[in-house]
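Undergrad: my questions are about this predicted structure, shown below with the sequence.
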Amino acid sequence: MAVKTPVYVGRRKTAVARVILKSGSGKITINDRDAFDYFKSKALIDIATKPLRVTNMLGSYDIKANVQGGGVTGQVGAISLAIARGLIANNPDLKPALRAEGLVTRDPRMVERKKYGRPKARKRFQFSKR
């Protein structure tokens with residue numbers, strides 16, 4: 001019977017990230033592409049790998065992420081949360097350090113739905129008295 005590798009899920013806005021952590025050299029793959037090819041920006045990759053930097057494990061895990069939905073910012077936040085959850089699952093002693101940086105909390109903010117009779121969620125059509 002094959003041992004199933006655990007998949008850690010992170011969400012932000014409408015983005016969902018599924019991350020597999022394996023001990024290795026620090027290679028990051030997102031949707032079967034290199035992280036630098038996928039995000040194009042070093043700043044976004046720094047946000048995604050912040051849990052590894054906080055816990056001083058930047059070169060010790062190979063990360064394979066599968067991300068769907070949302071935009072670039074939502075996907076980066078979802079990957080960050082999934083990595084933090086994976087690190088906590090492997091070593092629960094890391095949770096206080098990650099919590100202090102705000103990396104364990106799921107960001108619940110989502111786009112408010114459009115209401116009927118209005119052009120957007122809260123915007124109203126121009127009022128005319130006469």
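TA: The structure has been received and is ready for your questions.
Undergrad: from the centroid of this protein, which residue is nearest?
TA: Ala78 (1.4 Å; C-alpha atoms, centre = their mean).
Undergrad: low-confidence regions, the protein specifically.
TA: In the predicted model of the chain, residues 1-2 satisfy pLDDT under 70.
Undergrad: mind listing the strands for it?
TA: For the chain, the strands defined by DSSP state E occupy 8-12, 15-23, 28-30, 33-34, 61-68.
Undergrad: turn the ones you listed into CSV, columns for mean neighbour count and distance to Lys40.
TA: C-betas here are computed from N, CA, C, even on glycine. Shown next, in CSV, are the strands of the chain (neighbours: other C-beta atoms under 10 Å; distance: least, C-beta to C-beta, whole Å):
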stretch, mean neighbour count, distance to Lys40
strand 8-12, 21, 19
strand 15-23, 19, 17
strand 28-30, 20, 11
strand 33-34, 11, 11
strand 61-68, 19, 14
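Undergrad: how about the ones you listed in JSON lines, adding distance to Val54?
TA: What follows is these, written out as JSON lines (distance: least, C-beta to C-beta, whole Å):
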{"stretch": "strand 8-12", "distance to Val54": "15"}
{"stretch": "strand 15-23", "distance to Val54": "15"}
{"stretch": "strand 28-30", "distance to Val54": "16"}
{"stretch": "strand 33-34", "distance to Val54": "23"}
{"stretch": "strand 61-68", "distance to Val54": "13"}
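Undergrad: nearest to Arg85, of these?
TA: If you check each of these against Arg85 by C-beta to C-beta, strand 8-12 wins as the nearest, at 4.6 Å.
Undergrad: next, the angle from the lengthiest helix in the chain to strand 15-23.
TA: In the chain, with assignment by DSSP state H, the single longest helix is helix 72-90. Helix 72-90 runs at 40 degrees relative to strand 15-23, counting by axes from the mean of the first three to the mean of the last three C-alpha atoms, to 10 degrees.
Undergrad: what sits against the residue nearest to the centre of the chain?
TA: 10-12, 15-17, 67, 70 (C-beta atoms under 8 Å, 6 or more residues apart in numbering).
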